[in-house]
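In: Pasting a predicted model and its sequence here:
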Amino acid sequence: MKLDYATGFYNMSFFYINIETEEELTQDVLKKNEATFIHEFIHYLQDLVLPYNIRYSLSNVRWFFNILNSAHKMGSIHRPFSEWNNESSTLWIQFIRSIGDSRSIDSVFKIEDATSEFVITSGYDSNLHIQREHRVYEYMLPVFEDGKSTSISYNLGARDILEYIAYKIQLKNFPNSPPAPQLPYESIDLIFDKYGLSHISDDIRLCIAECCLYNDVPMHFLLNTLLGNDKFKKYIIDSSYEEIYNYLRLSATITRDGQIETLIAKTQRRLIQFARELQLQYSGFDEMKKWILKVNSFVEHKLSGRFIFSDLYKMDSDEMFKFINDVIYCIGIPLVMNSRKKYISIHLNDIEVSQFIQFYILQNFIYFVKSKQTQCPVYNFCKANGGICNENCTVNKQETIKGNENCYYRRFMEKYELFDIKID
């Protein structure tokens, strides 16, 4: 989506921001693309504090460990990889059904009632251990685009909520931003209108949306538990923003193993679990673990007991920029890349960036083995950041990296003992 001078995007759990510009990422360039940067920074912060997003980071760890075990057992990886264990398959089904559509729809004439369907999968307790079967819901929204007489089916999901929050904060501080596609960026507004709640203010809508991301199936929680509940609808009609904020803030969740926990406790548990998995599953991620624990400490001391994105929306621009600068100063941003994949790090201080590069490669490797693409999964990154690349990187990766010690992909393959594993 065009946001300012450049398009930007943030990939869930990669811990990096991408600014689509050919320019070197200096302070002046970031300032010029400020609206884009702020929008993507909101997504970056979402990954660090919202349990739904942290769960996806944990899932990536499990998926990679599954691939690694299979590769070492079989001595090869056949692509597209299909040797998923029950845990990995379940986590993927839960993610793909809850995240929502990948499409954007520019202009919506009207929507009809969303319909839900579910599949039965293995359930997980608070530590992502298999416990029992449960339903995984998916919501389909009939959408009539402007000028079209027939509807299309749009998959409502967490992406709609995440983008809605980031775009609302961006638009409040950069009101001259170009218009965005209505779906996903205005999905929540369309839903509130459909439920007869068009008079509910934006700050209340955003607060409710943020609360949903503390649930592992955010859209089901929004449409079924909250807006599908006449008592809750009456409550938000009759109550002030402060009353609704505190009501949701003090609510608790019940884990699948029967434990009651506050919203902030759920965030902290997921962050600690992520740090533990990085330590137990892999060697060489001590610096990332240190950073995750630093993030957890920051969440505990600075964000505890509040809906941070709702608070950001209520701030004036000066307050918001001060808060963002404070966050960057305290925990930094591991990787910010331009369109050529040239990266910089912002305020990581004593944390070693190489482990975040390894994690970035790890997730690109997951996508690579699930596909039949021929090009090295980090060819552009390597080329932009001092690696020695040539045309063989696109056609004969295994042989090329064996003779290239200055190769990010080679270092990754050696680290996880994949160097001699046949990948076809």
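Out: Great, that's in hand. Keep in mind that this is a model prediction, so the values were computed, not measured.

In: And the strands in the stretch 301-424 of the chain, which stretches?
Out: 333-337, 343-346, 422-423 (DSSP state E, counting those that start in this stretch).

In: Now for the closest residue to L271 other than its chain neighbours: which residues touch it?
Out: Spatial nearest neighbour of L271, excluding adjacent residues (CB to CB, 6 or more residues apart in numbering): N296 at 4.2 Å. Where C-beta positions appear, they are placed from N, C-alpha and C, glycine not excepted. Residues near N296 by CB atoms under 8 Å, 6 or more residues apart in numbering: 268, 271-272, 275.

In: out of those residues, who's nearest S239?
Out: Q268 (28.3 Å; CB to CB).

In: For the helix or strand hosting the closest one, name the packing helices and strands.
Out: Using DSSP states H and E, Q268 maps to helix 263-281. If contacts are counted by 3 or more CB pairs under 8 Å, 6 or more residues apart in numbering; DSSP states H and E, helix 263-281 sits against helix 51-74, strand 252-254, helix 286-298.

In: R135 is nearest to which of these?
Out: strand 252-254 (15.8 Å).

In: domains for the chain, by residue range?
Out: 7-346, 374-423 (automatic domain parsing).

In: mind putting the ones you listed in CSV, distance to Y367 and mean pLDDT included?
Out: Below are these laid out as CSV (distance: least, CB to CB, whole Å; pLDDT from 0 to 100):
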stretch, distance to Y367, mean pLDDT
domain 7-346, 10, 89
domain 374-423, 7, 80
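
In: among these, which is nearest L362?
Out: Per CB to CB, nearest to L362 of these: domain 7-346, 5.5 Å.

In: Please state the offset of that closest one from the chain centre?
Out: How far domain 7-346 lies from its chain's middle: 5 Å, per CA atoms, centre = their mean, to the nearest Å.

In: Buried residues in the longest strand along the chain, which are they?
Out: Taking DSSP state E as the criterion, the chain has its longest strand at strand 130-145. By neighbour count with 16 or more other CB atoms under 10 Å, strand 130-145 contains the buried residues 131, 136-139, 141, 143-145.

In: Surely L162 and Q46 touch.
Out: Yes. Counting by CB atoms under 8 Å, L162 does reach Q46; the two are 5.8 Å apart.

In: what sits in contact with each of those two?
Out: 53, 213.

In: So between these two, which is more surrounded?
Out: L162 (27 against 23; other CB atoms under 10 Å).

In: Give me the neighbour count for F381.
Out: F381, neighbours per other CB under 10 Å, totals 23.

In: what do you get for H301?
Out: 9.

In: And the residue nearest to L271, how close does it get to S345?
Out: From N296 across to S345, the span is 20 Å (CB to CB, to the nearest Å).

In: Name the nearest residue to F174, sequence neighbours excluded.
Out: A35 is the one closest to F174 (CB to CB, 6+ apart), at 4.1 Å.

In: if you skip the residues just before and after it, what's nearest to the residue sitting nearest the centre point of the chain?
Out: Residue closest to the average C-alpha location in the chain (CA atoms, centre = their mean): M12, at 2.7 Å. Residue nearest to M12 in three dimensions, not counting chain neighbours: Y56, with 5.3 Å by CB to CB, 6+ apart.

In: Likewise for I328?
Out: H347 is the one closest to I328 (CB to CB, 6+ apart), at 5.3 Å.

In: re the thing from before, give me the sheet partners of the longest strand of the chain and which way each runs.
Out: strand 108-111 (antiparallel), strand 115-124 (antiparallel), strand 152-156 (antiparallel) (DSSP bridges).

In: Identify the residues contacting the shortest one?
Out: Contacts with strand 108-111, where a contact means CB under 8 Å, 6+ apart, come from 141-148, 182-183, 186, 190-191, 194.

In: One more pass at 6 Å, please.
Out: Strand 108-111 is contacted by residues 141, 143-144, 146, 182, 190, 194 when judged by CB atoms under 6 Å, 6 or more residues apart in numbering.

In: for stretch 346-362, same thing?
Out: Outside stretch 346-362, the residues that reach it (CB under 6 Å, 6+ apart) are 14-15, 64, 285, 287-288, 291, 328-329, 332-335, 345, 378, 412.
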